[in-house]
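**Q** starting from these lines, generate the structure:
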Amino acid sequence: MWMDHKNISKMKTVISYWLTRCRLNIALLQKQEYIPRITEQARLTGIDFYSVYYRGSQYKIESILSRICKSESFILLAPSRKQVQMQKALECVPLVMEPESGFYKSPLVVLDFQSLYPSVMIAHNYCYSTMIGRVRELKLNNNEIGVAKFSLRRDILKLLDEHIEIAPNGVAYVDSSIRKSTLAKMLEDILDTRSVVKKTMSDLGSRNDALKRILNSKQLALKLIANVTYGYASASFSGRMPCSDLADSIVQTGREILENAIEFIESDPGWGAKVVYGDTDSLFVYLPGKTRAEAFRIGQAMAKGVTSRNRAPIYLNFEKVYHPCLLLSKKRYVGFKYEKDSNKSPNFDAKGIETVRRDGHPAQQKITEKCLRILFETKNLSEVKRYVQSEFVKIHKGHIMVQDFCFAKEVK
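**A** Here you go, the predicted structure:
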């Protein structure tokens, strides 16, 4: 077909446009390492690439859990929507303390429980397969747990005797000497494998970047599966096999562990510590009057002490020291971060505030971050005030870049 020069030019523009779009999409996928991550998830969970992408996390857990259940001669429950809606509502909530907002000049130690909910399930043998029932409502016939009803042998409690553990929410479980938790078996395999993968990455050092990227994708996939296992049990509205009693046992045990850790940390007069913020599995501990070197020593002693008071594999990890730090509200804080005592210069670390939020504009982010840096370095509000005034003078005079005052919003 004959085409004039004008039509050929238009066609070239269209083709060039679509080629550019394709190249940018491929570049984005490569930058995010999206395909390797999905591929590793597919390998680990034993499901196809398409299902990893389009199906939810519950499907991935079931793919692993069903294989373990088959080896144990168990069958997964398949409750109806009505059964899910009829089960007891969730009652327990994780411990989230309201932070004591303020500027902390002395060191603030951050402690974090490593994979708290998976560790609780392993340590206390919590599982669908190890539950006996709610202690206050325990009966021989139509004993109700989550969406299921079942009967018990008349002499079951006498036979089990010393092998029963009662969770803080009043649900009884058998210990691992009678029956090993199926969820614990799955999570132990996942966490052990992840530990081996991370050690291999560490041993590689700066060698073989391609292999390190594959291993990183693998450990991220393992972390995702471990962290959403609790959600699988607690998904009371959209869940495929929810169990509110099991979910409450995990949350309430996690809450007690955190409360006991706070009591232990604040009871030592030599540390002089005060927990100023706690959120589900992490603690912010203020050490007034202590040096940064003392904060590292005390923080590591706290982590070791709390870990020794809990069952394995529950482990409190010493994460970092903020010095100084500004606590604003839940999940909103900023400070100079030191991860090792040998760090000479700190990293500026912010969570949930304007410097890292994407609903403002670049000028706001830059000015806020500079103000905080001046405050942390000088501890002098007059210096902060002087800087802010100088920036507003520039804005009034028009000595600015327009790009710094552009808002970027998602278009739907």
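**Q** could you pull up the mean pLDDT of the lengthiest strand in the chain?
**A** Counting residues, the longest strand in the chain under DSSP state E turns out to be strand 316-329. In this model, strand 316-329 carries a mean pLDDT of 93.
**Q** that strand: partners in the sheet, and parallel or antiparallel?
**A** Sheet pairing for strand 316-329, assigned by DSSP bridges, gives strand 102-104 (antiparallel), strand 108-113 (antiparallel), strand 332-338 (antiparallel).
**Q** closest one to Lys370 among the ones you listed?
**A** strand 332-338 (12.5 Å; CB to CB). Every residue, glycine included, has its C-beta placed from N, CA and C.
**Q** gap between the following helix or strand past that closest one and the chain center?
**A** Downstream of strand 332-338, the first helix or strand assigned by DSSP states H and E is strand 347-351. Chain-centre distance of strand 347-351: 18 Å, with CA atoms, centre = their mean, to the nearest Å.
**Q** ok and strand 347-351 relative to strand 332-338, angle-wise?
**A** 160 degrees (axes from the mean of the first three to the mean of the last three CA atoms, to 10 degrees).
**Q** tell me the mean pLDDT for strand 347-351?
**A** Mean predicted lDDT for strand 347-351 stands at 91.
**Q** next one: stretch 24-40
**A** 87.
**Q** save the strands paired with strand 316-329 as JSON lines, and put in distance to Tyr230 too.
**A** Shown next, in JSON lines, are the strands paired with strand 316-329 (distance: least, CB to CB, whole Å):
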{"stretch": "strand 102-104", "distance to Tyr230": "32"}
{"stretch": "strand 108-113", "distance to Tyr230": "13"}
{"stretch": "strand 332-338", "distance to Tyr230": "25"}
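**Q** which of these sits closest to Gln87?
**A** strand 108-113 (28.2 Å).
**Q** in that closest one, what's buried?
**A** 108-113 (16 or more other CB atoms under 10 Å).
**Q** same thing with stretch 329-346?
**A** 332-338, 346.
**Q** what's next to that stretch, contact-wise?
**A** 96, 98-99, 101, 104, 108, 277, 279, 284, 292-293, 296, 319-328, 347-353, 355, 372, 376 (CB atoms under 8 Å, 6 or more residues apart in numbering).
**Q** all helices for the stretch 251-400 of the chain, in order.
**A** 292-308, 362-378, 381-397 (DSSP state H, counting those that start in this stretch).
**Q** can you lay out the ones you listed as JSON lines showing distance to Ala233?
**A** Listed next are the helices of the stretch 251-400 of the chain as JSON lines, based on distance: least, CB to CB, whole Å:
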{"stretch": "helix 292-308", "distance to Ala233": "25"}
{"stretch": "helix 362-378", "distance to Ala233": "39"}
{"stretch": "helix 381-397", "distance to Ala233": "48"}
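**Q** turn those into JSON lines, including mean neighbour count and mean pLDDT.
**A** Below are the helices of the stretch 251-400 of the chain laid out as JSON lines (neighbours: other CB atoms under 10 Å; pLDDT from 0 to 100):
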{"stretch": "helix 292-308", "mean neighbour count": "18", "mean pLDDT": "94"}
{"stretch": "helix 362-378", "mean neighbour count": "16", "mean pLDDT": "91"}
{"stretch": "helix 381-397", "mean neighbour count": "12", "mean pLDDT": "92"}
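**Q** in TSV, list the buried residues of stretch 329-346 along with distance to Asn310.
**A** Listed next are those as TSV, based on distance: CB to CB, whole Å:
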residue	distance to Asn310
Arg332	29
Tyr333	26
Val334	31
Gly335	28
Phe336	31
Lys337	26
Tyr338	26
Pro346	31
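**Q** and which of the residues you listed is nearest to Asn216?
**A** Nearest to Asn216 among the buried residues of stretch 329-346, with distances taken as CB to CB, is Lys337, at 22.1 Å.
**Q** quick check: closest non-adjacent residue to the closest one.
**A** Asp349 (3.9 Å; CB to CB, 6 or more residues apart in numbering).
**Q** might one say that that neighbour is in contact with His323?
**A** No. Counting by CB atoms under 8 Å, Asp349 does not reach His323; the two are 11.2 Å apart.
**Q** settle it for me: which of the two has more neighbours?
**A** Taking other CB atoms under 10 Å, Asp349 and His323 do not tie; His323 has more neighbours (22 against 18).
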